[in-house]
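>>> Sequence and computational prediction follow.
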Amino acid sequence: MSTRNSLAALLFSSCLIGAQGAQAGELSLHFIDVGQASSTLVIGPDGTTVLIDGGDPGDGDNYVVPYLSGLGLTGLDYSIMSHWHTDHYGGLDEVFNSGFLPTVAAYDRGTNDNPSGPQAVQYFAAVGGQRTFPTVGQILQLGDGATLEFVAVNGVTPLGSDDPSDYSQSENGRSVAVVVRYNDFDFYIGGDITSGGSGTADVESMAAQYIGQVEVVQSSHHGSKTSSGPVVISNLAPSLVIHSCGQDNSFFHPAADIVEDWSTPASTLAQWGTTRGDTDNGSGGWTSAEGAIIVRTGGYRFTAETANDAATAGGDELMEFATFENPEASPVVGGLAITEVMANPAASSDTYGEYIELTNLMPGIVDLSGLRLTVGLYDFTLGSHVLLAYNERLVLGVDGHAARNGDLWIPLSGPFDDLHLVNSGATLEVRAPGGAVLDTVTWGTGGFSVKSGKAAERVDPFSPGTAANFQTATTAFGDGDLGSPGFPAPGETGVWPSGLSIPGLHIGDTLDMRMSSPSHPGSLYLLGMSLGFAPGVNAIGLHVPLNIDPLFQAFQQVPGSFSSLDASGRGRVLVPVGKDPSLVGLVVFGAYVTFTADAGGITGTSVSNLGIISIL
Ligand SMILES: [Zn+2]
C-alpha cells in the first residue's frame with residue numbers, strides 16, 4: 001500500500017475508533033480530592049489501572065470508590081501504597097472490599113516498622129494474597145510503551161540510599177516513589193518521601209537526580225517543607241505541580257516556602273491544588289482546582305483540567321502544555337496582546353485580586369515558556385510550557401484561590417509577591433524569550449486611568465495598547481468587580497482572520513485541528529486535509545488551497561469535518577493517527593471554509609489559512 005493510501009486508511013479506521021468515544025492511546029492521571037491525604041489514579045494507554053494510595057479511613061468509601069466507579073471502572077490492575085501512614089493507606093481496604101482488589105498486584109513497601117493496629121489489620125485482611133513488595137528499578141508496563149518505574153523504596157534509590165531510620169519522620173522517608181513515562185511525557189509521585197528538610201533523610205534528591213526533568217509532579221508530603229528541596233526542584237523542573245492537601249489543614253500545607261521554591265521569578269510554574277489548602281498562611285501564587293485534577297496526554301502534549309466546574313469566572317478550567325522535548329513556537333511581535341488589566345480590584349485585596357489577560361492574535365499555537373513580564377520592579381519569566389491557541393486568552397494573576405481573588409479562575413499565578421500592578425500607575429511589558437518586546441501597556445500618567453474594582457479592557461486587540469484603545473469594564477464577574485477575564489470584552493472590535501491551528505504531530509498522536517473564525521460565529525464549515533495544495537479546488541465561490549486526493553476524500557468521512565462553529569466562532573476536530581512508521585516525514589495540508597446557507601443562498605464565506613502538518 002502506498003503511503004498516501006496508507007494514511008487515508010489509517011485516518012479512516014482511527015476516526016471510526018474516535019466515533020465510539022474510546023480513549024485508546026491516552027495516558028491519564030487523576031488526582032482525587034481526598035482532603036488532607038493522597039489518592040492518585042494512573043490509567044495507561046491500554047487501560048491498565050494503578051491506584052497510588054487510597055486516602056484516610058473513610059476516604060475509600062466516600063471519595064475513591066465513587067470516583068473509580070464514576071469513570072466506569074469495575075476493577076483495578078495494580079495498587080501502590082506509598083507508606084504506612086493512614087492518610088495514604090487508610091482508605092485502601094475500603095477500595096479493595098468494594099470490588100477494586102487489584103487483580104495483578106498490590107504493592108507496599110514491606111514490613112519493617114509497619115503498624116499493627118486495627119487499620120493495618122484491616123489492610124492485611126483486605127489485600128490478602130495480592131500483597132507484593134516492589135524493588136527499585138522494577139518496571140510495570142502500562143501499554144503502548146508507557147511505563148511505571150519504582151525509583152525509591154525504603155530509602156533505596158537507583159543512585160544510592162539513605163536509611164530513614166536514622167532521621168526524623170522515618171516513615172515518610174521510606175515512601176515508595178515512582179516515575180511514569182509515556183513517549184516524551186513524564187510524571188513523578190513520591191508519597192511523603194523526604195529530601196532533608198526539618199531533619200529528615202534526603203532520599204528524594206537521589207530519586208530526582210535519577211529521574212531528571214518531568215512534565216508533572218505531585219509535590220511530596222502534600223507540599224511540606226520536609227520535601228521538594230532545591231536539588232529535587234532543579235532536577236525535576238516540571239511545567240505543572242499538583243498539591244494534594246486539605247482545605248484549612250492544620251499542617252499549613254502546602255508550605256508557603258515550598259510554593260515559592262517551586263515557582264521562582266526565573267521560572268514561574270503552574271501549581272494547582274485539589275483544595276484551597278491552608279487559607280490562612282498568606283501564600284498566594286497557586287491555584288485551587290476545588291476538587292479532582294485530571295491530566296491527559298498522548299505523550300507529546302498534555303492538558304490539565306478540573307473535574308468539577310469550580311463555578312468561578314475566567315474561562316475554561318483547562319490548560320494545555322507542550323512537553324519539554326516538543327516545544328511549540330514562541331509568540332512573535334504583533335502576535336500576542338495584553339487585552340485586559342485589573343490593577344485595583346475592590347471585591348478582594350490588591351494582594352490577591354490583580355490579574356492580566358493575554359490573547360494569541362496569530363493563527364497557530366504558541367508556547368509561552370520563556371515569556372518575561374515586567375511591571376516596574378516586578379519581573380518574572382514563565383517556566384511552564386503553557387500553550388495558547390489562536391483566539392484563546394490566558395488569565396494570569398497573583399493568586400488562584402477564588403475565595404481571595406474575587407471569585408476568579410486563574411489557572412496560572414505569578415510567583416507570590418512578584419506580580420504587583422501598582423494602582424497609581426505603571427508600565428507592563430511582555431517580552432518574547434529572545435527579548436523582543438511583544439506588547440506594552442501603561443496606566444496612570446501617560447496611560448489609561450485606573451478605576452477601583454473595574455478592569456481596563458482593550459477595545460481593538462490588533463491596534464497599539466494606547467490609553468485611547470482601552471475602555472473601563474462594565475460587566476460584573478465573580479464577586480462583583482467589573483471585567484471580562486478570559487473572554488472578549490463587550491464591544492471589542494478588531495478583524496480576526498479565519499485561522500486553522502495545528503500543534504506538532506507525531507505518529508500515534510492525535511491530530512488536533514482547531515478552527516477559529518471570530519467574525520463568523522455559528523457558521524457552517526467544511527474542514528479538509530489533503531496531500532497537496534496546488535492547484536487546489538474551487539468550492540462555494542472560494543478557492544480552497546487543498547487538492548481532491550485520497551486523503552481529502554477519506555477525511556470527508558471524519559466526524560466533524562462538516563459541521564458548524566460555536567458561538568465564539570471556534571471548532572475543533574480530533575483524529576487519532578495510527579502508529580505507522582511510514583507516515584514519518586509526510587507533509588499534509590489542512591484548511592477550512594466557512595459559509596452561511598439560507599433561502600437566499602450561500603453568504604458570508606471565508607477560507608482559512610493553510611495549515612501545514614509535518615508528521616514527526
Ligand atoms: Zn501524607
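Okay, I see it.
>>> List, one by one, the residues from the stretch 51-200 of the chain near the ion.
Contact residues (Cβ under 5 Å from the ion) of the stretch 51-200 of the chain with the ion: 87, 192. For every residue, glycine as well, the C-beta is placed using N, CA and C.
>>> Show the pLDDT at the residue nearest to Pro57 when sequence neighbours are not counted.
Counting by Cβ to Cβ, 6 or more residues apart in numbering, the nearest residue to Pro57 once its immediate chain neighbours are dropped is Gly90, at 4.0 Å. For Gly90, the model assigns a pLDDT of 97.
>>> distance of Gly90 from the ion?
Gly90 sits 10 Å away from the ion when distances are taken as Cβ to the ion, to the nearest Å.
>>> show me what contacts Ile540?
Remark: with contacts taken as Cβ atoms under 8 Å, 6 or more residues apart in numbering, Ile540 is in contact with 526, 593, 595, 602, 605.
>>> Secondary structure element holding the second one?
Secondary-structure element containing Val593, defined by DSSP states H and E: strand 587-598.
>>> And the last one, by the same measure?
Take DSSP H and E as the rule and Thr605 turns out to sit in strand 601-607.
>>> Also the first one?
Secondary-structure element containing Leu526, defined by DSSP H and E: strand 524-530.
>>> And for that strand, what's in contact with it?
The set of residues external to strand 524-530 that reach it, using Cβ under 8 Å, 6+ apart, is 11, 500, 513, 515, 517, 539-540, 544, 546-549, 551-552, 555-556, 560-565, 571, 573, 588-597, 613.
>>> For PyMOL, what selects the buried ones among those?
To isolate the buried subset of those in PyMOL, counting by 16 or more other Cβ atoms under 10 Å, use the following:
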select buried, resi 11+500+513+515+517+539+540+544+546+547+549+551+552+555+560+561+565+571+573+588+589+590+591+592+593+594+595+613
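>>> returning to that earlier point: mind giving me the packing neighbours of the strand holding Val593?
Counting by 3 or more Cβ pairs under 8 Å, 6 or more residues apart in numbering; DSSP states H and E, the packing neighbours recorded for strand 587-598 are strand 499-501, strand 510-516, strand 524-530, strand 542-544, strand 601-607, strand 611-614.
>>> Partner strands of it and their direction?
Neighbouring strands of strand 587-598 in its sheet, by DSSP bridges, are strand 524-530 (antiparallel), strand 601-607 (antiparallel), strand 611-614 (antiparallel).
>>> which one of those strands is the most hemmed in?
Between the strands paired with strand 587-598, the one whose residues have the most neighbours on average, counting mean count of other Cβ atoms under 10 Å, is strand 524-530 (a mean of 23).
>>> next SSE after that strand?
Moving toward the C-terminus from strand 524-530, the first helix or strand encountered (DSSP H and E) is strand 537-539.
>>> Helices of the chain, start to end?
Applying DSSP state H to the chain gives helices spanning 3-19, 59, 65-70, 86-89, 92-95, 118-127, 170-173, 204-211, 230-236, 256-262, 350-353, 550-555.
>>> So which of those helices is nearest Leu140?
Shortest distance between Leu140 and the helices of the chain, using Cβ to Cβ, is found for helix 204-211: 15.8 Å.
>>> Walk me through the domains of the chain.
Following automatic domain parsing, the chain resolves into domains at 26-238, 328-472, 508-614.
>>> Go through these and name the closest to Ala266.
Comparing the domains of the chain by their distance to Ala266 (Cβ to Cβ), the top pick is domain 328-472, with 5.8 Å.
>>> what's around Asp261, how many residues?
The criterion is other Cβ atoms under 10 Å. On that basis, Asp261 has 18 neighbouring residues.
>>> Can you tell me, leaving aside adjacent residues, what's nearest to it?
Closest residue to Asp261 in three dimensions, ignoring its sequence neighbours and counting by Cβ to Cβ, 6+ apart: Ile233, at 5.8 Å.
>>> wait, isn't the one you found in contact with Ser263?
No: with contact taken as Cβ atoms under 8 Å, Ile233 and Ser263 are classed as non-touching, separated by 9.7 Å.
>>> And those two? Which one has more around it.
A side-by-side neighbour count of Ile233 and Ser263, using other Cβ under 10 Å, places Ser263 first with 26 against 23.
>>> For the ion, give me its nearest residue in the stretch 301-450 of the chain.
Across the stretch 301-450 of the chain, no residue is closer to the ion than Ala307, which sits at 21.1 Å (Cβ to the ion).
>>> Can I get the helices and strands packed on strand 587-598 in CSV including mean pLDDT and distance to Gly298?
Formatted as CSV, the helices and strands packed on strand 587-598 follow (pLDDT from 0 to 100; distance: least, Cβ to Cβ, whole Å):
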stretch, mean pLDDT, distance to Gly298
strand 499-501, 89, 17
strand 510-516, 89, 5
strand 524-530, 92, 18
strand 542-544, 87, 29
strand 601-607, 82, 29
strand 611-614, 83, 15
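>>> nearest spatial neighbour of Leu92, skipping sequence neighbours?
Closest residue to Leu92 in three dimensions, ignoring its sequence neighbours and counting by Cβ to Cβ, 6+ apart: Gly54, at 3.7 Å.
>>> who's in contact with the closest residue to Ala476 other than its chain neighbours?
In this structure, Ala476 finds its nearest non-sequential neighbour in Leu482, 5.8 Å apart by Cβ to Cβ, 6+ apart. Contacts for Leu482 (Cβ under 8 Å, 6+ apart) come out as 453-455, 472-476.
>>> Who wins on neighbours among those?
Ranked by neighbour count (other Cβ under 10 Å), those have Ala455 at the top, with 29 neighbours.
>>> right, and that residue touches Pro485 too?
Yes: under the criterion of Cβ under 8 Å, Ala455 is in contact with Pro485, at a separation of 7.2 Å.
>>> shared neighbours, the two?
Counting by Cβ under 8 Å, 6+ apart, the residues touching both Ala455 and Pro485 are 340, 342.
>>> mind listing what the residue in the stretch 1-150 of the chain that the ion sits nearest to touches?
Residue nearest to the ion within the stretch 1-150 of the chain: Asp87 (4.3 Å; Cβ to the ion). Shown in contact with Asp87 (Cβ under 8 Å, 6+ apart): 36-38, 55-56.
>>> just to revisit the earlier point, and the strands paired with strand 587-598: which comes nearest Ile356?
With distances scored as Cβ to Cβ, the stretch of the strands paired with strand 587-598 nearest to Ile356 is strand 611-614 (29.5 Å).
>>> For the closest one, what is the distance to the chain centroid?
Using Cα atoms, centre = their mean, to the nearest Å, we find the averaged C-alpha position of strand 611-614 to lie 24 Å away from the chain's own average C-alpha position.
>>> And for stretch 266-278?
Taking the mean of its C-alpha atoms, stretch 266-278 sits 12 Å from the chain's own mean (Cα atoms, centre = their mean).
>>> Near the ion, which residues of the protein? Just list them.
87, 192.
>>> Please name the residues that touch the residue minimising distance to the centre of the chain.
If you average the C-alpha coordinates of the chain and look for the closest C-alpha using Cα atoms, centre = their mean, you land on Ala304, 2.8 Å from that point. Taking Cβ under 8 Å, 6+ apart, we find Ala304 in contact with 216, 240, 270, 272, 293-295, 318-319, 321.
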